[in-house]
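Trainee: The sequence and its predicted three-dimensional model are supplied below.
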Amino acid sequence: MKISLTWLKRYIDLPETPKDLAASLTLLGFEVDDIQTTGVPQLENVLVGEVLERVQHPDADKLGVCRVALGSEIGEKSIVCGASNYKVGDRVPVALPGARLPGGFKIKRSKLRGVESDGMMCSGKEIGAGEDAAGLLILEGFPEIGTPINEVLTESDTVFNLEVTPNRPDCLSHIGIARELAAWYRREVRYPALDDLTSVDSRPSGDDIFEGASVDCEEDCPLYRATVIKGVKIGPSPAWMQELLSSIGLRPINNVVDVTNFVLHETGNPLHAFDARDINGKKIAVRNAAEGETMNTLDGEERKLASRMVVISDEKRALAIAGVMGGQNSEVKDDTTDLVLEVAYFNPTTIRWVSKNLGLSTDSSYRFERGVDPKSLRFATDRAVQLILETAGGEVCGPEHVAGSEPVSQNEIKLSPDWIRAKAGFDIPDTQIQESLELLDMVVSHGDDGAEWTVSIPSYRGDLDRPIDLLEEVLRIYGTNKIPSGVVKATATGANDHPITEFVRQSGAYLVGQHFAETITYTLRSESEQSDWSESVAAMDLGLKNPISEDQTQLRHSLIPGMLESLRLNQSRKTGATRFFETGRVFREINGKLIELISVAFLECSHGAARSWKERGSDDFYLAKKRVEILAGFAGMELGRFGIKPIEGDHTAWQEGHAALVDDPRAGILAEIGLMNLARIKALDIQGEIVAGSFCILPERLRAAKRVKFQSFSLFPPSSKDLALVVGKSELASNVVKAVSKIAAKATKNAFALEALDVFDVYEGEGVPIDKKSVGVSMSFRSQERTLKDKEVNQAFEVIQSEIKAKTNYEIRD
Amino acid sequence: MEEELKQIVESAKSGVSGVSNRAGFEALKAEITGPNGSLTKVMKGMGKVAKEDRPVFGKLINLAKQQVHAVYDEAMSVIEASEIAEKLGPPIDPSLPSPDSGPGSFHPLTQVREEVCRIFKEIGFTVAEGTEIETEYYCFDALNTPKDHPARDLQDTFYMPDNADFGNVSKKSDERYLLRTHTSSVQIRSMLKGDPPIRIISPGRCFRRDTVDATHSANFHQVEGLYVDKNVTVRDLKAILDYFFEQLLGKGTTTRFRPHFFPYTEPSFEVDFSSSHLAKLGSDWVEIAGCGMVEPEVFASVGYDPEVYSGFAFGMGIERIAMIIYGIDDIRYFYQNDRRFLNQFA
């Protein structure tokens, strides 16, 4: 909201500089977004000078060398000037060496084409007096030579752009802000003095042009007041009013409209003036609009109305959208002579809805939707009538027409000063608490024992109704910048950081240790990117109801697409980035429900790193798998316990035959590992091969790590046996391990344990049938109690071999 | 005989000089001390020697054996040394650059988040987490945000379609799902889970329906704090934030409160800081956070008695803090992940 300092000074004395005022407003809770000064700022060493003589510059056609008088103290100076709009005898602003002009230009003694110049004669623009830069500013009225320019050009104003929080509609006006500053500086507010209006009895009748107002929708419009003024003469408003309105960015229109705008920004009350001729049936009704009803508002737009909207209507048509904007059909025109002046109290919720649904916010709707003080309507009417009569003539006719009644609001708050101190946590004396409240126009009365006060709240402070609200008021006037600091109370609650936090930290630390750079990418992705991933992702309902742009319509299902986007950017900028990881939330549809998952993902690209004198191999599937296993371990999950299977089919994200998947919705985990689909990566304009891994887990599955329980281990040596098995080419190693483990565990007959069973060799080629492969497994046996004898191990090994022959379709290779 | 032994020793000596690896060495060994080796033959011939001469011959043979084995040992150490040299390859050039990538790096936003969490952990706050998808109740209603508050507009907040159904985000009743606009919803859910004292901070990703520019992003990160206990005062809030900002921004950092308005706190303040360490910003006040005492209506919505408990809450933007402390002027850098940006924080 714009507040003009000149305007503000009509209601309060403010000798402070704009900067100081801005600081005070800020501490009162009104953030100052910017301060604009119009007119001439305070300038040092800029004086009124008179051109005594002009001679042509010897070396430059366009320059003149002037002798300039600057008063008895300074005397005469020689100044070179390029302007041509002046003549000898003119008085102009002269900036002497040392002056600093708006924009930071500093005046120095200098030589222009070899001729000494002792200052500069200035244009209006150069000293901030208007936009005219074409020639010198010729000062009218022959001001005294040597006078500081600020004493001659006094017409300046400062406009503050304030942020008024939604709880303070009472401050959406100059008087509102004046009240706040008055409390801060402990000064008086000078409210405009109202003329005594002629008594109703002695007024002429207005019935011939207006008979009355009625309200059909009292909830939307509890109170409506209309005043008839006859015989106005429309013309421009006085210069002072035009200047004030212009200073806050309003365009002067005519005296009547300007008065309504002026009173709005003076008191915060929106008003509207109708041309009485245009009110059919001489009556106004405040009613809900008919669904689909249309009217043309003052801004020239045709508005289509809904039945929840409220209009000011005559017997035929809507004349205005209540609280928002007037209609063209009844606006004040050059030949208007009779007015009906409206002030009203509209329901804030109604106006907010109307404004939002019309997409039309006006100074009027902005105030009504935040809440206008119903008790202020009378003052606003009287003030507007006074100014209309003053600026447009005419006379008030008949009684004021009132429909509805003022909402009852008698607000008193019980308050204990001890309670204020207890909440504040520091000492504020009773007197200071009371003074703060009284400075804000509250009335404080003490009970019998003085411990509980009754504070009555001014009608315009609808935001105050509990003691806690008054704490803020006391602190505001006390100065929130003076709230003392204290001792930090570091009481422990016994809680730990959330398991999600710990999981993300551990994962990040591991991947950073593996030389990955963390990325942070957008959660919202494009639909095409998501559907390009796979058919199952394309089928998920991850779209937003109200996306803002086409490339951000969906919740991400994986962290990898974002990282790929960053990789592409890095490749195009040739930064040499190859390894990224990210942690964050991803979203999936599982069994018909959307689920938010915690995810960690990483990728390595074979392309992009700077060439090196020594080659290192890039990551492969098995390294990525190890990484995912480690990440799963941080989540308390042993990945090997869940089935891992190759990603099959023509999958668009992963390369068939070189990528795998662990998907266990019941356990709440999903892992994808492997080589990204080569064709798709190429289509994304990314060079090289990418090996990536991603691990997702249901947040609910993450639990605080359990304390480890030590398990004793055998101190006796192990005994090992190797076995090579010929199995089907596509048989998963995990199946072989599972089958042999089961047999081996049984074969030891609990006499000792199969400690480990690992694949140590995989072979295809000579000696193995074309559709088969050889898988070498090593078994390690150990006992807790003794060193194993060869005989018992050999015996078990015999059993294992015969069992494999009997129970599996694996062949034992010699 | 003596002459024969001498020759054998000599042949061993001359033989090893031509041997360069284990195989050659083993072949030479076989020629001398192998089953059919020259020395072995001599030893086998001992049987034919007259009994009285045997001690002399035995001595001679032993001497020759020792000499041959000394030759072997020497030769073996030469072979081993050459094997090691071969295995090690040429000496390193310590000035050559390492061909390996690295270092890895945490994103600056993560670093700021962790820094904030660490400082608060020192004074008894632990990290609470919540979901990025929230419902209108936990994001707005429970936080005393009026039904027609502009923050709830489709203009400002991302909503999920009306029929969206989340398996792991609970609703209060049949309110809409949305993308959380602040992490304050974590505070509500934390308070609903247990009784005071509560002392948490909740860092996390939030969303606002903003068009991306130098200072706006559709997703951003916040960290909010909440402390609820008996007798928590405005001064306690000031003390905690003073401590925090001095830790974060350096000694000599001062903060001030400015009155403000939030639906979920009363009184509400914005926090400005001033720090001589951040040269670019100078000594002027810079807005950094919002805070206030928990609004009694918020306590009512989680079933805490505002007559018994009081508390404060505060919140700040992680991007904003990062921009201030690192001197970054465009929020988009955080989301582009240019290696030259990330590497500066490695």
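Mentor: Cool, the structure landed.

Trainee: rest of the way, CA atoms for contacts and neighbours
Mentor: OK.

Trainee: nearest residue to the closest residue to chain B within chain A other than its sequence neighbours?
Mentor: With C-alpha to the nearest C-alpha, the shortest gap between chain A and chain B falls at A:H515, namely 3.6 Å. Computed as C-alpha to C-alpha, 6 or more residues apart in numbering or on different chains, the closest residue to A:H515 that is not its neighbour in sequence is B:G104, at 3.6 Å.

Trainee: what pLDDT does that neighbour get?
Mentor: The model reports B:G104 with a pLDDT of 93.

Trainee: ok, it - how many residues close by?
Mentor: 24 (other C-alpha atoms under 10 Å in any protein chain shown).

Trainee: what pairs with the helix or strand that contains A:M295, and is each one parallel or antiparallel?
Mentor: Using DSSP states H and E, A:M295 sits in strand A:294-296. Take DSSP bridges as the rule and strand A:294-296 pairs in its sheet with strand A:302-304 (antiparallel).

Trainee: In the partner strand, which residues are buried?
Mentor: For strand A:302-304, the neighbour count (16 or more other C-alpha atoms under 10 Å in any protein chain shown) marks A:R303 as buried.

Trainee: So which elements touch the helix or strand following that strand?
Mentor: Using DSSP H and E, the helix or strand that follows strand A:302-304 towards the C-terminus is strand A:310-313. Strand A:310-313 sits against strand A:283-288, strand A:318-321, with contacts defined as 3 or more C-alpha pairs under 8 Å, 6 or more residues apart in numbering or on different chains; DSSP states H and E.

Trainee: So which bits of the strand holding A:M295 are buried?
Mentor: Neighbour-count burial for strand A:294-296 flags A:M295, A:N296 (criterion: 16+ other C-alpha under 10 Å).

Trainee: from what I can see A:S783 touches A:S714, true?
Mentor: Yes: the pair A:S783 and A:S714 passes the contact test of C-alpha atoms under 8 Å, sitting 6.7 Å apart.

Trainee: ok, those two, which is more surrounded?
Mentor: When A:S783 and A:S714 are compared on other C-alpha under 10 Å, the one with more neighbours turns out to be A:S783, at 20 against 12.

Trainee: quick one: the nearest residue to the more buried one once chain neighbours are set aside and A:D722, what's the gap?
Mentor: Spatial nearest neighbour of A:S783, excluding adjacent residues (C-alpha to C-alpha, 6+ apart): A:F752 at 4.7 Å. Using C-alpha to C-alpha, to the nearest Å, A:F752 is found at 17 Å from A:D722.

Trainee: Could you check which of these two is surrounded by more residues?
Mentor: A:F752 (18 against 15).

Trainee: List the contacts of the top helix by length along chain A.
Mentor: Scanning chain A for the helix with the most residues, using DSSP state H, yields helix A:790-807. For helix A:790-807, the external contacting residues (C-alpha atoms under 8 Å, 6 or more residues apart in numbering or on different chains) are A:S719, A:K721, A:V740, A:I743, A:A744, A:A747, A:T748, A:F781, A:Y810, A:E811, A:I812.

Trainee: Buried residues, it. List them.
Mentor: In helix A:790-807, counting by 16+ other C-alpha under 10 Å, buried: A:V793, A:A796, A:F797, A:V799, A:I800, A:Q801, A:E803, A:I804.

Trainee: That helix: what's the following helix or strand?
Mentor: Once helix A:790-807 ends, the next helix or strand along the chain (criterion: DSSP H and E) is strand A:811-813.

Trainee: Going by contacts, tell me the helices and strands next to that next one.
Mentor: strand A:719-728, helix A:790-807.

Trainee: Look up phi and psi at residue 44.
Mentor: All of this is about chain A. phi -90, psi 150 (degrees, to the nearest 10).

Trainee: Now do the residue lying closest to it once chain neighbours are set aside against A:D90, distance only.
Mentor: Nearest residue to A:E44, sequence neighbours excluded (C-alpha to C-alpha, 6+ apart): A:A99, at 5.6 Å. Applying C-alpha to C-alpha, the value for A:A99 to A:D90 is 21 Å.

Trainee: Buried residues of the helix or strand bottoming out on mean pLDDT in chain A, list them for me.
Mentor: Counting by mean pLDDT, DSSP states H and E, chain A has its least confident helix or strand at helix A:149-152, which shows a mean of 82. Of the residues in helix A:149-152, A:I149, A:N150, A:V152 count as buried by neighbour count, 16+ other C-alpha under 10 Å.

Trainee: Which stretches in the stretch 51-200 of chain B count as strands?
Mentor: Along the stretch 51-200 of chain B, the segments classed as strands by DSSP state E, counting those that start in this stretch run B:126-127, B:133-135, B:177-179, B:198-207.

Trainee: what residue is smack in the middle of chain B?
Mentor: Nearest to the mean C-alpha position of chain B, by C-alpha atoms, centre = their mean, lies B:F106 at 6.8 Å.

Trainee: Report the contact partners of that residue.
Mentor: A:G508, A:V512, A:A517, A:E518, B:L342, B:F345, B:A346.

Trainee: neighbours around B:P91, how many?
Mentor: Neighbours of B:P91 using other C-alpha under 10 Å come to 7.

Trainee: measure it to A:S612 for me?
Mentor: In terms of C-alpha to C-alpha, B:P91 sits 19 Å off from A:S612.

Trainee: just A:F580 next, same as before
Mentor: 20 Å.

Trainee: A:R203 now?
Mentor: From A:R203 to A:S612 the distance is 100 Å (C-alpha to C-alpha).

Trainee: between the two, who's got more neighbours?
Mentor: Taking other C-alpha under 10 Å, A:R203 and A:S612 do not tie; A:R203 has more neighbours (14 against 11).

Trainee: That one is in contact with A:V396, isn't it?
Mentor: Yes: with contacts counted by C-alpha under 8 Å, A:R203 reaches A:V396, the gap being 6.8 Å.

Trainee: Can you measure across stretch A:771-791, start residue to end residue?
Mentor: This stretch, stretch A:771-791, spans 36 Å end to end (C-alpha to C-alpha).

Trainee: The spatially closest residue to A:P717 that is not a sequence neighbour: neighbour count?
Mentor: Excluding its sequence neighbours, the residue lying closest to A:P717 (C-alpha to C-alpha, 6+ apart) is A:T787, at 6.1 Å. By other C-alpha under 10 Å, the residues close to A:T787 number 14.

Trainee: ok, back up a step: can you lay out the helices and strands packed on strand A:811-813 as JSON lines showing distance to B:A300?
Mentor: JSON lines is the format used below for the helices and strands packed on strand A:811-813 (distance: least, C-alpha to C-alpha, whole Å):
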{"stretch": "strand A:719-728", "distance to B:A300": "67"}
{"stretch": "helix A:790-807", "distance to B:A300": "68"}
